[in-house]
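> Quick one, what's the 3D model for this:
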Amino acid sequence: MRADIIQVVHYDNYGERMPLNTQLSKQSEARKKVPAEIVDFLKDLTDPKLKMLAVAQNPFMIKHLTDPDDETKMAAVLIAGLHFPEIIGQIKKADYELRMIAIQLNSHALKYIKAVNQTHDMHFVAVHQDHTSFHWAKKPEEDIQLLAVSRDGRIIRYIRKQSQDVQLAAVRQNGRAIKHIINPSESVCQTAVRQDGWAITTINNPSEDVQIIAVKSVGDIITKIKNPSVKVLLVAADKSAVATGRVKNLPEVVQIHMIKNKATNIRYIKKPTLNVQRLAFTNLEAKLKIKALKNPGKFHMRELIRDHPDEVEHIKLGMEMGLFDENEDDDDAFFQDGDSMTMIGQDRIV
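Numbers count the residues shown, from 1 in each chain. Next comes the predicted model:
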């Protein structure tokens with residue numbers, strides 16, 4: 001009968017001369033199935049050597065053996081544990097040492113260990129090896145929680161009772177983990193947006209301080225903040241004038257601040273007020289102002305624009321507001337002349 005059992009096992013490709021882990025990884029689920037014709041025979045085996053032989057050829061036969069000894073159990077875990085962590089769940093009356101070895105081989109073995117048999121040491125070894133194993137830790141202590149979220153802040157979603165320290169550790173690692181925290185404190189919110197400004201998009205009614213920290217980190221986030229205060233808008237304007245200019249109903253004080261920073265920022269403001277338009281023109285670079293003051297009665301607009309093509313819009317704006325002394329009849333015509341504007345475009349390219 002020994003030849004029969006060996007023949008069946010060989011037919012199942014477990015008797016090939018190659019590493020068992022390689023065989024198991026190649027055939028995956030198909031490898032774990034024990035042929036039905038030998039299950040009853042395995043249950044009746046009493047010889048420890050035959051039991052060991054069976055497990056050596058197919059470690060998942062351990063499930064059908066009656067009272068296998070410790071060496072046979074260990075062999076099953078050592079052979080299959082690396083690729084198939086579920087092997088530990090196939091062994092009846094596995095002791096602490098065997099479970100620890102299974103976890104050391106593959107941290108996901110924790111999934112197949114009952115909650116009553118899990119220990120703090122098992123949690124530590126599993127999470128230290130692979131933080132995703134935390135999902136299967138039953139009632140982990142706070143130090144295990146901290147270890148897990150310090151690797152991946154999003155793991156906090158698996159923690160029901162979150163301490164302040166665990167919340168802070170989670171958002172320090174990943175600011176957007178705050179979306180898994182119910183009613184986060186001010187300090188947690190501030191820590192989250194420091195790590196990732198975009199985390200503010202998942203915070204309900206963020207405070208002004210949180211908004212300021214967020215826009216200092218990412219200026220573009222100002223467009224995602226509802227009803228930002230003037231203080232927040234001023235900070236955002238310093239970080240990103242382009243994004244701030246897209247804010248609807250931008251207060252004049254913020255527009256003025258943007259122009260004082262750089263006159264050309266007026267191009268980003270959707271609806272600049274008249275005061276802002278005048279300020280933008282008066283803040284044109286010194287070379288333009290000097291040139292305008294030298295010959296206030298004979299302001300050669302064509303020459304000015306050719307020297308400073310980037311300021312075309314502002315110069316046109318100045319004309320519309322009557323800020324130039326227009327003594328030359330062809331100035332207005334110049335702005336309507338398509339050929340002249342083409343020359344400006346060519347000058348820009350050059």
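> mind listing the helices for the stretch 201-350 of the chain?
208-217, 230-239, 241-245, 252-261, 274-282, 286-294, 301-307, 312-320, 330-336, 338-349 (DSSP state H, counting those that start in this stretch).
> and residue 208, what does it touch?
229, 231, 232 (Cβ atoms under 8 Å, 6 or more residues apart in numbering). In this view, the C-beta of every residue, glycine as well, is placed from N, C-alpha and C.
> Can you give me the distance of it to residue 200?
12 Å (Cβ to Cβ, to the nearest Å).
> what sits against the nearest residue in space to residue 232 that is not next to it in sequence?
Spatially, and ignoring its direct neighbours in sequence, residue 232 is nearest to residue 211 (4.7 Å; Cβ to Cβ, 6 or more residues apart in numbering). Listed by Cβ under 8 Å, 6+ apart, the contact set of residue 211 reads 200, 225, 228, 229, 232.
> repeat for residue 98
Residue 98 neighbours (Cβ under 8 Å, 6+ apart): 70, 73, 74, 77, 88, 91.
> For these, give me CSV that also has neighbour count, distance to residue 251 and pLDDT.
Listed next are these as CSV, based on neighbours: other Cβ atoms under 10 Å; distance: Cβ to Cβ, whole Å; pLDDT from 0 to 100:
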residue, neighbour count, distance to residue 251, pLDDT
70, 12, 77, 91
73, 24, 74, 91
74, 19, 74, 93
77, 27, 69, 92
88, 26, 65, 93
91, 22, 71, 91
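> quick one: which of those residues is nearest residue 56?
residue 74 (11.7 Å; Cβ to Cβ).
> Now do the same contact list for the closest one.
Here residue 74 is in contact with 98, 101 (Cβ under 8 Å, 6+ apart).
> which residue packs closest to residue 42, ignoring adjacent ones?
The nearest residue in space to residue 42 (Cβ to Cβ, 6+ apart) is residue 64, at 4.2 Å.
> Residue 155 too?
residue 148 is the one closest to residue 155 (Cβ to Cβ, 6+ apart), at 4.7 Å.
> try residue 117
residue 99 (6.6 Å).
> related to what we said a few turns ago, for the contacts of residue 208, which entry has the maximal number of neighbours?
The most crowded member of the contacts of residue 208, judged by other Cβ atoms under 10 Å, is residue 232 (23 neighbours).
> That one contacts residue 219, correct?
No: judged on Cβ atoms under 8 Å, residue 232 makes no contact with residue 219 at a distance of 11.3 Å.
> Would you mind listing the residues touching both of these two?
Counting by Cβ under 8 Å, 6+ apart, nothing touches both residue 232 and residue 219.
> Do you know the pLDDT at residue 174?
Note for residue 174: predicted pLDDT of 95.
> list the contacts for it?
152, 153, 154, 195, 196.
> any idea which of the residues you listed is the one closest to residue 170?
Nearest to residue 170 among these, with distances taken as Cβ to Cβ, is residue 153, at 3.9 Å.
> Got phi/psi on residue 40?
The phi/psi pair for residue 40 (degrees, to the nearest 10) reads phi -60, psi -40.
> give me the number of residues near the residue nearest to residue 155?
29.
> With residue 234 instead?
Residues within reach of residue 234, counting by other Cβ under 10 Å, total 18.
> same thing with residue 49?
The tally of other residues near residue 49 (other Cβ under 10 Å) stands at 9.
> in what helix or strand does it lie?
Per DSSP states H and E: residue 49 is located in helix 48-57.
> List the buried residues of that helix.
50, 51, 52, 53, 54, 55, 56, 57 (16 or more other Cβ atoms under 10 Å).
> and the next element down the chain from it?
Downstream of helix 48-57 (by DSSP H and E), the next one is helix 70-80.
> Please identify which pair of the contacts of residue 211 lies farthest apart.
It's 200 and 229 that sit farthest apart of these, by Cβ to Cβ, at 14.1 Å.
> out of the contacts of residue 174, who has the most neighbours?
residue 153 (27 neighbours).
> Contact partners for that one?
169, 170, 171, 172, 173, 174, 175, 176, 177.
> Nearest residue to the fifth one in space, ignoring adjacent ones along the chain?
Pointing back at residue 173 there. Using Cβ to Cβ, 6+ apart, the nearest residue to residue 173 is residue 153, at 3.9 Å.
> per-residue pLDDT, that neighbour?
In this model, residue 153 carries a pLDDT of 94.
> Got phi/psi on it?
According to degrees, to the nearest 10, residue 153 has phi -60, psi -30.
> what do you get for residue 174?
Torsion angles, degrees, to the nearest 10, at residue 174: phi -150, psi 110.
> Near the residue nearest to residue 81 when sequence neighbours are not counted, how many other residues are there?
Nearest-residue entry for residue 81: residue 105, 3.8 Å, with adjacent residues in sequence omitted and distances by Cβ to Cβ, 6+ apart. Look at residue 105: counted by other Cβ under 10 Å, it has 20 neighbours.
> quick one: pLDDT of residue 105?
Per the predicted model, pLDDT is 93 at residue 105.
> what does residue 273 give?
87.
> what's the spacing between it and residue 251?
On the measure of Cβ to Cβ, residue 273 and residue 251 end up 10 Å apart.
> again, but for residue 192
28 Å.
> same deal with residue 111?
Residue 111 is 56 Å from residue 251, by Cβ to Cβ.
> cool, residue 36 as well?
From residue 36 to residue 251 the distance is 79 Å (Cβ to Cβ).
> Look at those two and report which has more neighbours.
More crowded of residue 36 and residue 251, by other Cβ under 10 Å: residue 251, with 14 against 7.
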